[in-house]
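1. Predicted model follows, preceded by the sequence.
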Amino acid sequence: MKRLLLGITLIGAAAVLGGCPIYPSQREYQVCDGSACYSCPDNTYSTACTGWPCQVDSDCPNGYACDPTQQVCLAGSGYNYDGGGTNDCSVNGCPSGQICKLSSGIAQCVTLGSGDDGGSGVDSSSGDSGVTGDTGTAGDSGTTGDASEGGTSTACNDDSTCGGSGAKCVDGQCAAQAKLCSDGSQCNVAGSACVDGICEARCSSSIPCPTGSQCDLTRGVCNVNPDPCTGSGTSTCLGGTTCVENHCVPPCAVTEAGTSCPSGQVCVNGGCIADQGASFACANDGQSGSLANTCDSTSICIHHDCLASCSPDGGTACTSGSCNNVTIETGTYTVCTPSGLGFACDPSRNAYCSGQVCVDGNCL
(Lines give C-alpha, C1' and ligand atoms only; values in the text may rest on other atoms or scores of the structure.)
Protein backbone atom coordinates (compact mmCIF):
# COMPACT_ATOMS: atom_id res chain seq x y z
CA MET A 1 0.00 0.00 0.00
CA LYS A 2 2.82 2.40 0.88
CA ARG A 3 4.50 1.71 -2.46
CA LEU A 4 1.23 2.43 -4.27
CA LEU A 5 0.79 5.79 -2.47
CA LEU A 6 4.41 6.70 -3.16
CA GLY A 7 3.95 5.98 -6.86
CA ILE A 8 0.83 8.16 -7.03
CA THR A 9 2.64 10.99 -5.22
CA LEU A 10 5.63 10.82 -7.59
CA ILE A 11 3.36 10.92 -10.65
CA GLY A 12 1.52 13.96 -9.26
CA ALA A 13 4.77 15.75 -8.43
CA ALA A 14 6.13 15.13 -11.93
CA ALA A 15 3.00 16.68 -13.43
CA VAL A 16 3.41 19.83 -11.33
CA LEU A 17 7.14 20.32 -11.78
CA GLY A 18 7.15 20.16 -15.56
CA GLY A 19 5.11 19.55 -18.66
CA CYS A 20 4.21 15.91 -18.95
CA PRO A 21 2.36 14.32 -21.86
CA ILE A 22 -0.98 13.04 -20.60
CA TYR A 23 -2.45 11.96 -23.95
CA PRO A 24 0.48 11.49 -26.35
CA SER A 25 -1.76 10.61 -29.30
CA GLN A 26 -3.44 14.00 -28.95
CA ARG A 27 -0.15 15.82 -28.37
CA GLU A 28 -1.59 17.27 -25.16
CA TYR A 29 0.71 18.32 -22.33
CA GLN A 30 -0.19 19.36 -18.82
CA VAL A 31 1.84 22.43 -17.78
CA CYS A 32 1.40 23.96 -14.32
CA ASP A 33 2.72 27.18 -12.80
CA GLY A 34 2.12 28.85 -9.44
CA SER A 35 -1.50 29.68 -10.24
CA ALA A 36 -3.06 27.14 -12.60
CA CYS A 37 -2.60 24.11 -14.89
CA TYR A 38 -2.91 24.32 -18.66
CA SER A 39 -3.42 22.02 -21.64
CA CYS A 40 -0.61 22.84 -24.09
CA PRO A 41 0.53 21.55 -27.51
CA ASP A 42 4.06 21.09 -26.10
CA ASN A 43 5.64 21.06 -22.64
CA THR A 44 5.97 24.85 -22.34
CA TYR A 45 3.35 27.50 -21.62
CA SER A 46 2.25 29.69 -24.57
CA THR A 47 -0.82 31.56 -25.80
CA ALA A 48 -1.92 28.30 -27.43
CA CYS A 49 -2.54 26.78 -23.99
CA THR A 50 -6.00 26.52 -22.45
CA GLY A 51 -7.07 25.79 -18.89
CA TRP A 52 -6.67 22.15 -17.87
CA PRO A 53 -10.26 20.79 -17.77
CA CYS A 54 -11.63 19.06 -14.71
CA GLN A 55 -14.84 17.96 -13.02
CA VAL A 56 -13.57 17.12 -9.54
CA ASP A 57 -10.40 17.85 -7.57
CA SER A 58 -8.96 14.41 -8.33
CA ASP A 59 -8.71 15.44 -12.01
CA CYS A 60 -6.00 17.92 -10.98
CA PRO A 61 -2.40 17.26 -9.87
CA ASN A 62 -1.46 17.43 -6.20
CA GLY A 63 -1.56 21.01 -4.91
CA TYR A 64 -4.25 22.11 -7.39
CA ALA A 65 -8.05 22.06 -7.11
CA CYS A 66 -10.92 22.08 -9.59
CA ASP A 67 -12.63 25.46 -9.78
CA PRO A 68 -16.31 24.42 -10.00
CA THR A 69 -17.25 27.60 -11.90
CA GLN A 70 -14.63 27.51 -14.67
CA GLN A 71 -14.04 23.72 -14.49
CA VAL A 72 -10.28 24.21 -14.73
CA CYS A 73 -7.46 23.34 -12.32
CA LEU A 74 -6.21 26.26 -10.24
CA ALA A 75 -3.64 26.36 -7.46
CA GLY A 76 -5.09 25.33 -4.10
CA SER A 77 -6.32 28.72 -2.93
CA GLY A 78 -9.49 27.87 -1.08
CA TYR A 79 -12.07 26.01 -3.18
CA ASN A 80 -14.93 24.37 -1.40
CA TYR A 81 -14.31 20.64 -1.17
CA ASP A 82 -17.72 19.73 0.27
CA GLY A 83 -19.75 20.57 -2.83
CA GLY A 84 -21.08 24.07 -2.17
CA GLY A 85 -21.45 24.57 1.58
CA THR A 86 -22.06 28.03 3.00
CA ASN A 87 -18.67 28.17 4.75
CA ASP A 88 -16.61 28.38 1.54
CA CYS A 89 -14.34 31.38 2.15
CA SER A 90 -13.30 31.41 -1.52
CA VAL A 91 -16.88 32.56 -2.20
CA ASN A 92 -17.81 34.36 1.00
CA GLY A 93 -14.39 35.85 1.80
CA CYS A 94 -12.90 36.32 5.28
CA PRO A 95 -13.16 38.97 8.01
CA SER A 96 -10.69 41.86 8.01
CA GLY A 97 -7.21 40.72 9.03
CA GLN A 98 -7.72 37.13 7.83
CA ILE A 99 -6.94 35.27 4.60
CA CYS A 100 -8.62 32.33 2.87
CA LYS A 101 -6.27 29.34 2.60
CA LEU A 102 -6.34 25.64 1.88
CA SER A 103 -5.48 23.45 4.86
CA SER A 104 -5.88 19.65 4.79
CA GLY A 105 -8.25 19.97 1.84
CA ILE A 106 -10.54 22.49 3.56
CA ALA A 107 -10.85 26.19 2.70
CA GLN A 108 -10.72 28.19 5.91
CA CYS A 109 -9.95 31.67 7.24
CA VAL A 110 -6.73 32.17 9.20
CA THR A 111 -5.32 35.30 10.79
CA LEU A 112 -2.64 37.14 8.80
CA GLY A 113 0.77 36.96 10.47
CA SER A 114 -0.30 34.08 12.72
CA GLY A 115 2.18 31.67 11.14
CA ASP A 116 -0.80 29.77 9.65
CA ASP A 117 -1.32 32.12 6.71
CA GLY A 118 1.12 30.27 4.49
CA GLY A 119 3.32 33.25 3.73
CA SER A 120 5.91 31.06 2.03
CA GLY A 121 3.36 29.61 -0.42
CA VAL A 122 4.39 26.02 0.42
CA ASP A 123 2.07 23.19 1.36
CA SER A 124 4.15 21.30 3.91
CA SER A 125 1.92 18.25 3.93
CA SER A 126 3.04 17.37 0.41
CA GLY A 127 5.92 19.71 -0.34
CA ASP A 128 4.08 21.15 -3.36
CA SER A 129 4.01 24.79 -4.37
CA GLY A 130 0.73 26.62 -3.81
CA VAL A 131 -0.68 30.10 -3.56
CA THR A 132 -1.53 29.87 0.13
CA GLY A 133 -0.10 26.60 1.40
CA ASP A 134 0.11 25.19 4.90
CA THR A 135 2.85 26.12 7.32
CA GLY A 136 5.77 23.71 7.38
CA THR A 137 7.16 21.54 10.14
CA ALA A 138 10.64 20.31 10.87
CA GLY A 139 11.92 17.81 8.35
CA ASP A 140 9.81 18.83 5.34
CA SER A 141 10.05 21.46 2.62
CA GLY A 142 7.75 24.01 4.30
CA THR A 143 8.66 27.02 6.37
CA THR A 144 9.54 26.55 10.01
CA GLY A 145 8.23 29.96 10.93
CA ASP A 146 11.43 32.03 10.73
CA ALA A 147 11.06 35.69 9.77
CA SER A 148 12.83 35.39 6.41
CA GLU A 149 10.18 32.94 5.20
CA GLY A 150 7.17 34.93 6.36
CA GLY A 151 6.42 33.07 9.60
CA THR A 152 6.64 34.39 13.18
CA SER A 153 8.20 37.87 13.31
CA THR A 154 11.64 38.38 14.82
CA ALA A 155 12.64 41.58 16.61
CA CYS A 156 15.49 43.41 14.87
CA ASN A 157 17.49 46.62 14.77
CA ASP A 158 19.04 46.16 11.32
CA ASP A 159 18.65 43.95 8.25
CA SER A 160 21.51 41.63 9.23
CA THR A 161 19.36 40.16 12.02
CA CYS A 162 16.77 38.96 9.51
CA GLY A 163 18.90 36.21 7.97
CA GLY A 164 18.99 37.23 4.31
CA SER A 165 16.59 35.73 1.74
CA GLY A 166 15.50 39.29 0.91
CA ALA A 167 14.03 39.89 4.38
CA LYS A 168 14.44 43.37 5.86
CA CYS A 169 14.02 45.03 9.25
CA VAL A 170 10.78 47.05 9.09
CA ASP A 171 9.62 49.00 12.16
CA GLY A 172 11.71 46.79 14.43
CA GLN A 173 10.38 43.46 13.09
CA CYS A 174 11.86 41.24 10.37
CA ALA A 175 9.63 41.26 7.29
CA ALA A 176 9.93 38.51 4.67
CA GLN A 177 10.64 39.71 1.15
CA ALA A 178 7.03 39.02 0.10
CA LYS A 179 5.91 41.45 2.82
CA LEU A 180 7.91 44.39 1.44
CA CYS A 181 6.04 47.19 -0.32
CA SER A 182 5.75 47.44 -4.11
CA ASP A 183 4.45 51.00 -4.29
CA GLY A 184 3.64 53.95 -2.05
CA SER A 185 -0.12 53.29 -2.05
CA GLN A 186 0.61 50.37 0.30
CA CYS A 187 2.50 52.44 2.87
CA ASN A 188 0.93 52.94 6.30
CA VAL A 189 1.68 56.67 6.13
CA ALA A 190 -0.14 58.42 3.28
CA GLY A 191 2.18 60.27 0.93
CA SER A 192 5.17 57.99 1.53
CA ALA A 193 7.12 56.37 -1.30
CA CYS A 194 8.16 52.73 -1.55
CA VAL A 195 11.96 52.81 -1.86
CA ASP A 196 13.65 49.44 -2.44
CA GLY A 197 10.80 47.73 -0.57
CA ILE A 198 10.74 50.12 2.43
CA CYS A 199 8.29 53.00 2.95
CA GLU A 200 10.12 56.31 3.23
CA ALA A 201 9.00 59.93 3.54
CA ARG A 202 9.02 62.16 0.47
CA CYS A 203 11.04 65.37 0.57
CA SER A 204 12.25 68.35 -1.41
CA SER A 205 14.40 71.44 -0.95
CA SER A 206 11.54 72.92 1.09
CA ILE A 207 10.26 69.75 2.79
CA PRO A 208 12.93 68.34 5.15
CA CYS A 209 13.38 64.73 6.26
CA PRO A 210 13.03 63.43 9.83
CA THR A 211 16.16 63.52 12.00
CA GLY A 212 18.49 60.69 11.01
CA SER A 213 17.83 60.95 7.26
CA GLN A 214 18.59 63.41 4.49
CA CYS A 215 16.77 64.11 1.25
CA ASP A 216 17.85 62.50 -1.99
CA LEU A 217 16.87 65.53 -4.04
CA THR A 218 17.22 63.63 -7.31
CA ARG A 219 14.52 61.15 -6.36
CA GLY A 220 12.61 63.23 -3.80
CA VAL A 221 12.79 60.67 -0.99
CA CYS A 222 14.48 60.51 2.42
CA ASN A 223 16.95 57.85 1.31
CA VAL A 224 20.28 59.29 2.52
CA ASN A 225 21.80 58.27 5.85
CA PRO A 226 24.21 61.08 6.81
CA ASP A 227 25.77 59.33 9.80
CA PRO A 228 25.37 55.53 9.79
CA CYS A 229 25.65 53.94 13.23
CA THR A 230 25.98 50.39 14.47
CA GLY A 231 24.36 48.43 17.24
CA SER A 232 21.75 50.10 19.43
CA GLY A 233 21.70 52.82 22.05
CA THR A 234 23.69 56.05 22.18
CA SER A 235 27.28 54.77 22.08
CA THR A 236 27.87 55.61 18.40
CA CYS A 237 25.47 58.58 18.09
CA LEU A 238 25.91 62.22 19.11
CA GLY A 239 23.61 64.92 20.49
CA GLY A 240 21.50 62.58 22.60
CA THR A 241 20.27 60.58 19.60
CA THR A 242 20.06 56.79 19.61
CA CYS A 243 20.89 54.17 16.99
CA VAL A 244 17.87 52.54 15.35
CA GLU A 245 18.25 50.59 12.11
CA ASN A 246 21.65 52.21 11.49
CA HIS A 247 20.23 55.76 11.81
CA CYS A 248 20.87 58.22 14.69
CA VAL A 249 17.35 59.32 15.66
CA PRO A 250 15.69 61.16 18.56
CA PRO A 251 14.90 58.97 21.60
CA CYS A 252 11.35 58.07 22.52
CA ALA A 253 9.42 56.27 25.21
CA VAL A 254 6.14 54.35 25.20
CA THR A 255 3.67 55.64 27.81
CA GLU A 256 -0.02 55.21 28.54
CA ALA A 257 -0.64 58.29 26.42
CA GLY A 258 1.21 56.74 23.47
CA THR A 259 4.67 57.60 22.20
CA SER A 260 6.50 60.89 22.03
CA CYS A 261 7.14 60.55 18.27
CA PRO A 262 5.75 63.02 15.70
CA SER A 263 2.93 62.04 13.36
CA GLY A 264 4.04 59.58 10.71
CA GLN A 265 6.79 58.15 12.94
CA VAL A 266 6.84 55.19 15.31
CA CYS A 267 8.79 54.43 18.47
CA VAL A 268 11.11 51.51 17.68
CA ASN A 269 13.94 50.24 19.90
CA GLY A 270 13.91 53.47 21.90
CA GLY A 271 14.01 55.87 18.92
CA CYS A 272 11.58 57.71 16.60
CA ILE A 273 11.79 56.53 12.99
CA ALA A 274 9.54 57.08 9.98
CA ASP A 275 6.88 54.37 9.81
CA GLN A 276 8.26 51.99 7.17
CA GLY A 277 5.40 49.50 7.30
CA ALA A 278 2.99 48.56 4.52
CA SER A 279 -0.41 46.90 4.31
CA PHE A 280 -1.89 45.13 1.31
CA ALA A 281 -5.28 45.22 -0.38
CA CYS A 282 -5.14 41.59 -1.55
CA ALA A 283 -3.05 38.45 -1.23
CA ASN A 284 -3.31 36.23 -4.32
CA ASP A 285 -1.86 37.92 -7.42
CA GLY A 286 -3.66 37.19 -10.69
CA GLN A 287 -7.00 36.52 -9.00
CA SER A 288 -10.20 38.57 -8.73
CA GLY A 289 -12.94 38.81 -6.13
CA SER A 290 -12.68 36.79 -2.92
CA LEU A 291 -10.12 34.44 -4.50
CA ALA A 292 -7.74 37.40 -4.48
CA ASN A 293 -8.33 37.86 -0.74
CA THR A 294 -9.96 40.29 -1.56
CA CYS A 295 -10.72 42.50 -4.62
CA ASP A 296 -14.06 43.26 -6.25
CA SER A 297 -15.11 41.17 -9.24
CA THR A 298 -13.90 43.77 -11.78
CA SER A 299 -10.41 44.14 -10.31
CA ILE A 300 -7.32 41.93 -10.43
CA CYS A 301 -4.78 41.48 -7.64
CA ILE A 302 -1.40 42.64 -8.99
CA HIS A 303 1.57 43.21 -6.69
CA HIS A 304 -0.94 42.96 -3.80
CA ASP A 305 -2.92 45.94 -5.17
CA CYS A 306 -6.46 45.65 -6.58
CA LEU A 307 -6.22 47.19 -10.05
CA ALA A 308 -9.36 47.70 -12.17
CA SER A 309 -9.61 45.77 -15.43
CA CYS A 310 -9.83 47.91 -18.57
CA SER A 311 -9.89 47.71 -22.35
CA PRO A 312 -7.62 49.99 -24.42
CA ASP A 313 -9.75 49.68 -27.59
CA GLY A 314 -12.64 51.80 -26.37
CA GLY A 315 -14.22 49.21 -24.08
CA THR A 316 -13.97 49.58 -20.31
CA ALA A 317 -12.25 52.90 -19.59
CA CYS A 318 -10.20 53.91 -16.56
CA THR A 319 -11.67 56.48 -14.21
CA SER A 320 -8.13 57.37 -13.11
CA GLY A 321 -4.63 56.49 -14.27
CA SER A 322 -4.09 54.80 -17.64
CA CYS A 323 -4.87 51.44 -19.23
CA ASN A 324 -1.74 49.27 -19.58
CA ASN A 325 -0.67 45.66 -20.01
CA VAL A 326 1.08 44.45 -16.88
CA THR A 327 2.96 41.14 -16.79
CA ILE A 328 3.48 39.29 -13.51
CA GLU A 329 4.30 35.66 -12.66
CA THR A 330 0.74 34.47 -13.30
CA GLY A 331 0.25 36.13 -16.70
CA THR A 332 -0.35 39.44 -18.48
CA TYR A 333 -3.32 41.57 -17.48
CA THR A 334 -4.81 44.78 -18.93
CA VAL A 335 -5.50 47.04 -15.95
CA CYS A 336 -5.73 50.67 -14.90
CA THR A 337 -2.37 51.71 -13.44
CA PRO A 338 -2.24 54.80 -11.16
CA SER A 339 -0.19 57.77 -12.29
CA GLY A 340 3.46 57.41 -11.28
CA LEU A 341 3.26 53.67 -10.63
CA GLY A 342 5.78 51.63 -12.61
CA PHE A 343 6.49 47.92 -13.07
CA ALA A 344 10.19 48.01 -13.91
CA CYS A 345 11.10 46.74 -10.43
CA ASP A 346 9.52 45.14 -7.38
CA PRO A 347 11.70 44.31 -4.34
CA SER A 348 8.96 42.08 -2.90
CA ARG A 349 9.70 39.73 -5.81
CA ASN A 350 13.47 40.21 -5.81
CA ALA A 351 13.30 42.50 -8.85
CA TYR A 352 15.75 45.28 -8.01
CA CYS A 353 17.26 47.99 -10.20
CA SER A 354 20.85 47.67 -11.42
CA GLY A 355 22.81 50.69 -10.19
CA GLN A 356 19.60 52.61 -9.45
CA VAL A 357 16.96 52.89 -6.75
CA CYS A 358 13.49 51.37 -7.07
CA VAL A 359 10.90 54.06 -6.25
CA ASP A 360 7.25 53.04 -6.62
CA GLY A 361 8.15 50.47 -9.27
CA ASN A 362 10.38 52.83 -11.28
CA CYS A 363 14.16 52.56 -11.58
CA LEU A 364 15.48 56.07 -10.83
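-> Now that the structure is in, tell me what you want to look at.
2. so what pLDDT did Cys272 get?
-> The per-residue pLDDT reported for Cys272 equals 93.
3. Ok, Gln71 next?
-> For Gln71, the pLDDT comes out at 79.
4. That one touches Cys54, doesn't it?
-> Yes: using Cβ atoms under 8 Å, Gln71 makes contact with Cys54 at a distance of 6.0 Å. Backbone N, C-alpha and C define where each C-beta goes, glycine included.
5. More neighbours: those two, which one.
-> Taking Gln71 and Cys54 together and counting by other Cβ atoms under 10 Å, Cys54 has the greater number of neighbours (20 against 14).
6. Report the beta-bridge partners for the closest residue to the more buried one other than its chain neighbours.
-> Take Cys54 and drop its neighbours on the chain: the residue closest to it by Cβ to Cβ, 6 or more residues apart in numbering is Cys66, 3.9 Å away. In this entry, Cys66 is beta-bridged to Cys73, by DSSP bridges.
7. count of residues packed around the nearest residue to Thr298 once chain neighbours are set aside?
-> Distance criterion Cβ to Cβ, 6+ apart; nearest residue to Thr298, sequence neighbours excluded, is Ser309 at 5.6 Å. Around Ser309 sit 17 other residues, with neighbours defined as other Cβ under 10 Å.
8. repeat for the one 3 residues further on
-> Residue neighbour count, defined by other Cβ under 10 Å, stands at 13 for Pro312.
9. mind checking pLDDT for it?
-> Predicted confidence (pLDDT) for Pro312: 73.
10. What lies in contact with stretch 221-240?
-> 157, 193, 195, 200-203, 209-210, 212-216, 241-244, 246-248, 250-251, 269-270, 274, 357, 359 (Cβ atoms under 8 Å, 6 or more residues apart in numbering).
11. Surely the residue nearest to Thr298 is in contact with Ile300?
-> Yes: Ser309 is in contact with Ile300 according to Cβ under 8 Å; the separation is 6.0 Å.
12. so what sits against both of those two?
-> In terms of Cβ under 8 Å, 6+ apart, Ser309 and Ile300 are both contacted by the residues Ser288, Tyr333, Val335.
13. Is it possible to get CSV of those residues that adds neighbour count and secondary structure?
-> As requested, these are arranged in CSV below (neighbours: other Cβ atoms under 10 Å; DSSP: H, G, I helix; E, B strand; the rest coil):
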residue, neighbour count, secondary structure
Ser288, 19, coil
Tyr333, 19, strand
Val335, 21, strand
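14. Looking at the residues you listed, which is nearest Cys49?
-> Tyr333 (16.2 Å; Cβ to Cβ).
15. Is there a neighbour count for the closest residue to the closest one other than its chain neighbours? I'd like the number.
-> In space, Tyr333 comes closest to Ile300 once its chain neighbours are excluded; the distance is 5.1 Å by Cβ to Cβ, 6+ apart. The number of residues packed near Ile300 is 24, by other Cβ under 10 Å.
16. ok, now the one 4 residues further on?
-> Using other Cβ under 10 Å, His304 has 24 neighbouring residues.
17. distance of it from Asn269?
-> Distance of His304 to Asn269, computed by Cβ to Cβ, to the nearest Å: 27 Å.
18. domains of the chain?
-> Domain assignment of the chain by automatic domain parsing yields the ranges 2-71, 89-145, 181-274, 289-363.
19. ranges for the strands of the stretch 101-250 of the chain?
-> For the stretch 101-250 of the chain, the strands identified by DSSP state E, counting those that start in this stretch occupy 106-111, 122-123, 128-129, 168-170, 173-175, 193-195, 198-200, 214-216, 221-224, 242-244, 247-249, in order along the chain.
20. An error on my part: the question was meant for the stretch 251-364 of the chain.
-> In chain order, the stretch 251-364 of the chain shows strands spanning 254-255, 258-259, 265-268, 271-274, 299-302, 305-308, 322-328, 331-337, 358-359, 362-363, with DSSP E, counting those that start in this stretch as the criterion.
21. Now do stretch 298-306, average pLDDT.
-> For stretch 298-306, the per-residue pLDDT values average out at 90.
22. Quick check: end-to-end length of it?
-> Using Cα to Cα, to the nearest Å, one end of stretch 298-306 lies 9 Å from the other.
23. Begin at 11 from now on, thanks
-> New numbering, starting at 11: the last item is stretch 308-316.
24. Which stretches in the chain count as helices?
-> For the chain, applying DSSP state H gives helices covering 12-27, 99-102.
25. what's the least confident stretch among those?
-> Per-segment confidence across the helices of the chain bottoms out at helix 12-27, which has a mean of 42 in mean pLDDT.
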